[in-house]
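Trainee: got a predicted structure here, sequence first:
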Amino acid sequence: MRVTLFGSRVDDEKKGGDVDLMVETSFVITEPAVLSARFASRISRAMHGRKVDVVLKAPNLQTQSIHHIAEATGVLL
């Protein structure tokens with residue numbers, strides 16, 4: 001599993017905003033909406049309520065432009 005931070009939190013000059021994460025796995029994800037919500041909820045609680053958005057990337061999920069943006073501008077954690 002790989003996790004990439006992207007969006008405004010990558011730039012130290014920008015303030016505020018949510019945390020955008022792309023979680024990439026080599027496994028098939030059968031319920032992506034549920035898994036994404038669970039990840040976001042748990043991470044948000046660990047970060048004292050900060051808003052977290054989680055984008056999933058898996059072999060069975062369609063690649064979208066947000067995946068390309070995360071790969072091009074993100075930081076692998």
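Mentor: The structure has been received and is ready for your questions. Residues are numbered from 1 along each chain as shown.

Trainee: which elements pack onto the longest helix seen in the chain?
Mentor: Among the elements of type helix in the chain, defined by DSSP state H, the one spanning the most residues is helix 32-46. Contacts defined by 3 or more C-beta pairs under 8 Å, 6 or more residues apart in numbering; DSSP states H and E place helix 32-46 against strand 19-24, strand 52-57. Where you see a C-beta, it was placed from the backbone N, CA and C, and this is true even at glycine.

Trainee: can I get those strands in JSON lines with mean neighbour count and distance to residue 7?
Mentor: Conversion of these to JSON lines gives the following (neighbours: other C-beta atoms under 10 Å; distance: least, C-beta to C-beta, whole Å):
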{"stretch": "strand 19-24", "mean neighbour count": "20", "distance to residue 7": "3"}
{"stretch": "strand 52-57", "mean neighbour count": "19", "distance to residue 7": "8"}
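
Trainee: will you turn these into a markdown table that also has distance to residue 64 and mean pLDDT?
Mentor: Conversion of the helices and strands packed on helix 32-46 to a markdown table gives the following (distance: least, C-beta to C-beta, whole Å; pLDDT from 0 to 100):
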| stretch | distance to residue 64 | mean pLDDT |
| --- | --- | --- |
| strand 19-24 | 11 | 97 |
| strand 52-57 | 8 | 97 |
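
Trainee: out of those strands, nearest to residue 77?
Mentor: Of all these, it is strand 19-24 that lies closest to residue 77, at 7.9 Å by C-beta to C-beta.

Trainee: just checking: what are the partner strands of the closest one?
Mentor: strand 2-6 (antiparallel), strand 52-57 (parallel) (DSSP bridges).

Trainee: picking that back up, check the offset of the longest helix of the chain from the chain's centre.
Mentor: Offset of helix 32-46 from its chain centre (C-alpha atoms, centre = their mean, to the nearest Å): 10 Å.

Trainee: format the helices and strands packed on helix 32-46 as JSON lines; extra columns: distance to residue 73.
Mentor: As requested, these are exported to JSON lines (distance: least, C-beta to C-beta, whole Å):
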{"stretch": "strand 19-24", "distance to residue 73": "10"}
{"stretch": "strand 52-57", "distance to residue 73": "13"}
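
Trainee: so which of those strands is nearest residue 71?
Mentor: Across those, closest to residue 71 is strand 19-24 (C-beta to C-beta), at 7.7 Å.
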